[in-house]
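Q: here's a sequence, model it:
(chains A and B)
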Amino acid sequence: MDSLRYISNERIKDYQESVRRAEREAAVRKRRSEKTSDSDSGSRGRKKGRFYGFFSQQSGMDMPFFFLVIILLVIGLVMMFSASYAFAYYTMGDSYYYLIRQGIFAAVGIVVMLLFSRIDYRILHKFAVIILGIAFLLATVVLFLPAVNNVHRWIGVGIFTIQASEILKFAIVLFYAHWAIVHYDKMDTFVSGVLPAIIIGGISIILLVMEPHYSAIVIMTLLLAIMMWISGVKVRWFVMGAGVVVAAFFIMQVTGMLKYAMERLDGWGMALEENLSSDMQTTVWQTMNSLYAIGSGGLTGLGLGQSREKYLYLPEPQNDFVFSIVIEELGLIGGIIILAIFALLVWRGIMISLRAKDRFGMLLGVGLVSQIGLQVVLNILVITDTLPNTGISLPFFSYGGSSLIMLLAQMGIVLSISRNSNINKT
Amino acid sequence: MANIGSNRTVISRSKKWLVVLLLVGFGLAIGRLFYFSIIKGDELQQKAYSLQLRDTTISAKRGSIYDTNGKTLAQSATVWQVVLAPAYFKTDEQRTYVAQRLAEILDLDQNDVYEKTKEKTYYSVVKRKVETVEKDKVLKLSQELAKKYNLGNVIELIEDYKRYYPYGDFASTIIGFTGMDGVGREGIEYQYDTQLTGTPGRVITAKDVHGTEMPYKYEQKIDAQDGNNITLTIDETIQHIMEKYLQQGIKQHKVQDRAVAIMMEVKTGAILGMAVEGGYDLNDPFTIADSNTQKEIDKLPNSEKEAAEVEALQKQWRNKAVADTYYPGSVFKVITSCMGWSEGVITDSSTYTCTGSYVPFEGASAIHCHNTAGHGTQTYKQALSNSCNPAFMMIGQAVGAEKFWEYYQAFGFSEKTGIDLPGEQSDIFFGDGSGKMQPMDLAVASFGQNFAITPIQMVTAISSVGNGGKLMQPYIVKEITDSDGNVVESKTPIVKRQVVSEEVTKKVIDAMEENATTGSAKNGYVAGYKVAGKTGTSEKKIYHNDGSQEYIASFCGFAPADDPQVCLLVYLDDPVGDSYYGSAVAAPVFANIMSEVLPYLNVEAEYTEEEIAQMDTTAENYVGKSVSEAENLVSSGGFTPVVMGSGDTVISQVPTAQSRLPQQGTVVLYTDEESMSDDVVEVPDLTNMTVAQANSTAAMYNLNISVVGSNADGEGISYSQGIKAGSKVKSGTVISVNFEQDSNYGNGVM
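A: Next comes the predicted model:
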């Protein structure tokens, strides 16, 4: 085991090369065996045409996960359209404004996802540090770009706008997975397990505070914690970390800073309070209408397309608050079904990752899938005024071209992992 | 890789994380969604509604009021309500412009409208009851605003209704009116308000943040249910006849405190007419109709004006026929008669001796009869014809206080009649209302003094005498139909009770008929009809400044006496003209009304020979005929022909064909143009003459008279004429002459 302590990039490359070769040989063997036996029974031996062959199990991609992604993408697109068309009509003069764009992004995103699923994820080992470097660079550059809605979050690249934090989240997951592989045997130490997290986390927090983008801080912190947790960092560090957070909250509560913070954080938790100042009313307007939408939906909803809140009461219903409109139209039942699909996706994604042939795949896959699960939960906590309204989009639902493509690319990586995963993929 | 132990850590820790994420994370998310969508759902939905929904009321059309023949007495027509949604205004320039234009179109004060444009609401009523002409202008303005400022939704026009009364001041106290809010204020409009009102509808529409309607199915419309229509028992023709003659009576006898006439269908209790004069214009109920009252109010200092105006309006609106009480006076002797006959204290052989005054019991002061010389010994019939007070005091005493009170109750005086009109008053009986009477109370009550009842109670009770003793429930609404014409409610006559036997009523009717033919009530006689009636002159116990007392002149009776159809009470409050007696003031009004109403109701007339001789007949058309032929025709028609000119054929005639003129009246036949232009007669003075004198005088001038106000016997003295003396008219012209009964006949009738 000692010999692996100073594992070099060279050695990783060799290892990857050997695995790839073995796989290629296995695939060829399998294809040959199928060609010879047409009547191979069961799920494994169906004959496929060229097109279906791409999706077939021989290519090794996990079909349940793939279809869960597609299902969510389709539902998300429909609901985003339903939520946005009135707003689009009033602000853009075209009800289909967001649908058309999101549709194009989704199509591009699917292609990107399939492309990434074909690329061996292990190649990312090489780029982990570079990607983190680029992410930090972009997160710095964005601070010097003109603010949109008073925040520095977006970088324009042609017709795209990229959220710097989207790349940063991915980069951190990737980097930590990479780091944990390289230092796999020292992850229980402070220096190897905790310190890098504190360093990259600290830098990120500073950059994100300057944007500001508090929700990204929350997601990123949680993602780092998850990565540390699954990488084998000792439990006591988590206890200490949790202790620090609780103590901080307690102090803020005692000193009254929490209340101040809540007000500063878009009237967090105050959406339904009576007698708010007109400034605060404006601040909580979006959250308040989100709650009105959820309340109007009740158990069974007003019916698809029948939201009233989307008629300009709920500002920007295509973005973070799209799920409020989903509840208004489809009710709690519809919302729970969608959340169940998300849960299935997360469960499947983590199962795929845990059966990956290598630990890098495991860590990367769990990290990427966790990010979706986290974002879903945090998004819903935001629209229910449980967390401050600070910009957490709902994966597959919220409008946003670059983040959708980014998301689908990440799903492509999970699919790529699934190709090497020892799991029944049909 | 070979680090199996570490992989195991990854797997177990990942699975723990997965469980936490799904259970805690997703669980918390679903929990929060559950909390807001289910637990707080209704509350939040209500709040959302208050943001999103605009509720507009659709007025229900108020039902119409018809007379018994379906003539419209009250109806609603569409008008518009102009409503501003001033919250949409963006600049002060827009506010000023809209205020200026609206003030101009709707004839409002520009500053008032401007104040409204500054309100921060979506609903501010600018003007109600706007007619279609103005509405169209406002609509144009709204379209202009849409183009000019993109403010198409700032003015809203809401359909509304306005009440119209086609006959103006006709039957005003019965019909009543509605306030600005469309709620019935008086009369039938008030009494049947819920029936007439209907149920307003609502339109609930969802609006976006800018107030534009959202598409799709949120619109909820609840149609307005129009109000029900009401058909009265009132007959417009009868009501008009009653109002006409009441007005005439008021003018002629200088009546100070309004006059009432109620006509009831004897067999059903249906009110055919209920006139309270002076009335007021229902289309303008807040103007004091009586110009004298208005003048007096104008003289008052400003501080007292408002209270005086309110008082005057309330008096003008009050339905005197049901809301005021009065001493019934001698009309009540009919009721006392019924008691007497019923109790057997009056018989065909009973006699009553009147010495001019009567001491009802020992120690009491004498009560005078109106004929202080005394009526001598009379039968019951004579006593009623003489309206002799001592005779009726004797009858009353014979009946006794207890029985008197029982009959009083039985005739319905102690209870409200229950007529479906608002504001009905209760009677005011002696003492504490328990029916206990002192001996003096009984004495004066026997001739209808010192207790007060309402006119509707009086007419209902007298009507029961005409109805064989059956007391009917008076009613004024015949039928209620919904807006589609389906009958909702149909009134059937209600017999309250048999008060006295039919035999008793026959005895009383017999006396009443004689009374109305030859007795004190003969001014109420109607040619061709058997009328049963009784006069009344009640003391109001209110004294004028000069010490003279205020009186109420009344007459109540029914016709025909042998099969009573209609019962009529005429009541004039405080006449200060030549006479205040019921016989002189109220009886002619009664007779005039009956003489027109009975033929209208197709009650067959039976004229005496005398009457036929007196009757007016209709001139035929003689134009185009040869002179001799025309002369023959005129003569055979019962008229006197006078030929003017030298032509062979008649080219014109006076009076024209179909004119009514008296027997032996003059018909002038013109035979050439010259004779027509030359023929001018100066009208003579026809006043202070008997009917015969007036007739012969007119004939001397080749003129005709139309007799007004005289009975079939042609009694009475003329006091005015339709065309003034000295006027130039053509020969043959019919001049109406008004006669008044010799005041001696009605002298002193209580």
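Q: C-alpha from now on. contacts and neighbour counts both.
A: Will do.
Q: phi, psi for the residue most central in space within chain B please.
A: Taking C-alpha atoms, centre = their mean, the centroid of chain B lies closest to residue B:171, which sits 2.9 Å from it. When read as degrees, to the nearest 10, the backbone of residue B:171 gives phi 50, psi 40.
Q: residues in contact with it?
A: Neighbouring residues of residue B:171 by C-alpha atoms under 8 Å, 6 or more residues apart in numbering or on different chains: B:239, B:274-276, B:279.
Q: could the residues you listed go into JSON lines alongside distance to residue B:30?
A: Below are the contacts of residue B:171 laid out as JSON lines (distance: C-alpha to C-alpha, whole Å):
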{"residue": "B:239", "distance to residue B:30": "76"}
{"residue": "B:274", "distance to residue B:30": "74"}
{"residue": "B:275", "distance to residue B:30": "76"}
{"residue": "B:276", "distance to residue B:30": "75"}
{"residue": "B:279", "distance to residue B:30": "74"}
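Q: between these, which is nearest residue A:138?
A: Within the contacts of residue B:171, the smallest distance to residue A:138 is 91.6 Å, found for residue B:279 (C-alpha to C-alpha).
Q: is that closest one in a helix, a strand, or coil?
A: coil (DSSP: H, G, I helix; E, B strand; the rest coil).
Q: surely it touches residue B:316?
A: Yes. The criterion here is C-alpha atoms under 8 Å, and residue B:279 meets it with residue B:316 at 6.8 Å.
Q: residues in contact with both of the two, list them for me.
A: residue B:289.
Q: neighbours of residue 150, how many?
A: Using chain A here. 9 (other C-alpha atoms under 10 Å in any protein chain shown).
Q: you answered for a different chain; I wanted chain B.
A: Neighbours around residue B:150, by other C-alpha under 10 Å: 14.
Q: distance of it from chain A?
A: The gap separating residue B:150 from chain A is 15 Å, by C-alpha to the nearest C-alpha, to the nearest Å.
Q: same deal with residue B:382?
A: Between residue B:382 and chain A the distance is 88 Å, computed by C-alpha to the nearest C-alpha.
Q: chain A contacts on the stretch 51-200 of chain B?
A: Proximity of the stretch 51-200 of chain B to chain A is confined to residue B:52 under the rule C-alpha under 8 Å from any C-alpha of the partner chain.
Q: quick one: low-confidence ranges for the stretch 51-200 of chain B?
A: Counting by pLDDT under 70, the ranges of the stretch 51-200 of chain B that qualify are B:54-55, B:120-121.
Q: please repeat the previous calculation with a cut-off of 80.
A: B:51-59, B:87-88, B:119-123, B:150-153, B:159-161, B:180-182, B:200 (pLDDT under 80).
Q: tell me which stretches of it form helices.
A: Secondary structure of the stretch 51-200 of chain B (DSSP state H, counting those that start in this stretch): helices located at B:92-106, B:110-117, B:132-149, B:172-175, B:187-191, B:193-197.
Q: just name the most buried of those helices.
A: helix B:172-175 (a mean of 27; mean count of other C-alpha atoms under 10 Å in any protein chain shown).
Q: re the thing from before, looking at the contacts of residue B:171, which is nearest residue B:180?
A: Sorting these by how near they are to residue B:180, with C-alpha to C-alpha, puts residue B:279 at the top with 20.3 Å.
Q: quick one: the closest one from chain A, how far?
A: From residue B:279 to chain A the distance is 57 Å (C-alpha to the nearest C-alpha).
Q: for residue B:529, same thing?
A: To chain A, residue B:529 is 78 Å away according to C-alpha to the nearest C-alpha.
Q: any idea how many residues pack against that residue?
A: Residues within reach of residue B:529, counting by other C-alpha under 10 Å, total 21.
Q: at contact distance from chain B, anything in stretch A:387-396?
A: No. For stretch A:387-396, no contact with chain B is found by C-alpha under 8 Å from any C-alpha; the gap never falls below 11.0 Å.
Q: what's that stretch in contact with?
A: A:72-73, A:76-77, A:213-216, A:262, A:265-269, A:287, A:319-323, A:372, A:375-376, A:378-379, A:381-383, A:404, A:407.
Q: in the stretch 251-400 of chain A, where is pLDDT below threshold?
A: Judged by pLDDT under 80, the stretches of the stretch 251-400 of chain A that qualify are A:252-253, A:255-283, A:311-313, A:390-391.
Q: can you do 90?
A: Counting by pLDDT under 90, the stretch 251-400 of chain A has low-confidence residues at A:251-290, A:292, A:296-298, A:300-320, A:354-359, A:361, A:382, A:385-393, A:400.
Q: how about the residues of it near chain B?
A: Of all the residues in the stretch 251-400 of chain A, those lying near chain B are A:289, A:291-299, A:306, A:308-309, A:311-313, A:327, A:331-332, A:336, A:339, A:343, A:346-347, A:350, A:354, A:358-359, A:362-363, A:366, A:373-374, A:377, A:380-381, A:384, A:386, going by C-alpha under 8 Å from any C-alpha.
Q: was I right about residue B:733 contacting residue B:706?
A: No. Residue B:733 is not in contact with residue B:706 according to C-alpha under 8 Å; the separation is 10.1 Å.
Q: more crowded one of the two?
A: Shown here are residue B:733 and residue B:706; by other C-alpha under 10 Å, residue B:733 has more neighbours (24 against 19).
Q: just the local confidence number for that one, please.
A: We have a pLDDT of 79 for residue B:733.
Q: and the helices in the stretch 101-250 of chain A?
A: Using DSSP H, counting those that start in this stretch, helices in the stretch 101-250 of chain A cover A:124-141, A:164-182, A:195-210, A:214-230, A:235-255.
Q: deepest-packed of those, please.
A: Highest mean neighbour count among the helices of the stretch 101-250 of chain A (mean count of other C-alpha under 10 Å): helix A:164-182, with a mean of 24.
Q: ok, the residue nearest to residue A:73 when sequence neighbours are not counted - how many residues close by?
A: Computed as C-alpha to C-alpha, 6 or more residues apart in numbering or on different chains, the closest residue to residue A:73 that is not its neighbour in sequence is residue A:396, at 5.1 Å. Neighbourhood size, residue A:396 [other C-alpha under 10 Å]: 27.
Q: for residue A:396, helix, strand, or coil?
A: What three-state DSSP gives for residue A:396 is coil.
Q: how near is it to residue A:74?
A: Relative to residue A:74, residue A:396 is positioned 8 Å away (C-alpha to C-alpha, to the nearest Å).
Q: does the longest helix along chain A pack against any helices or strands, and if so which?
A: Using DSSP state H to assign secondary structure, the helix with the most residues in chain A is helix A:322-354. In terms of contacts (3 or more C-alpha pairs under 8 Å, 6 or more residues apart in numbering or on different chains; DSSP states H and E), helix A:322-354 is packed against helix A:63-92, helix A:278-297, helix A:359-383, helix A:401-419, helix B:4-20, helix B:27-34.
Q: with residue B:468 as the reference, name the closest of these.
A: helix A:278-297 (71.6 Å).
Q: angle of the closest one against helix B:27-34?
A: For helix A:278-297 against helix B:27-34, the angle by axes from the mean of the first three to the mean of the last three C-alpha atoms, to 10 degrees is 90 degrees.
Q: after whichever helix or strand residue B:393 is part of, next one along is what?
A: For residue B:393, the host element (DSSP states H and E) is helix B:389-399. Proceeding N to C from helix B:389-399, the next assigned helix or strand is helix B:401-410, under DSSP H and E.
Q: using the three-state scheme, assign residue B:739.
A: Applying three-state DSSP: residue B:739 is strand.
Q: thinking it is in contact with residue B:718, fair?
A: Yes. If you go by C-alpha under 8 Å, residue B:739 and residue B:718 touch, sitting 3.9 Å apart.
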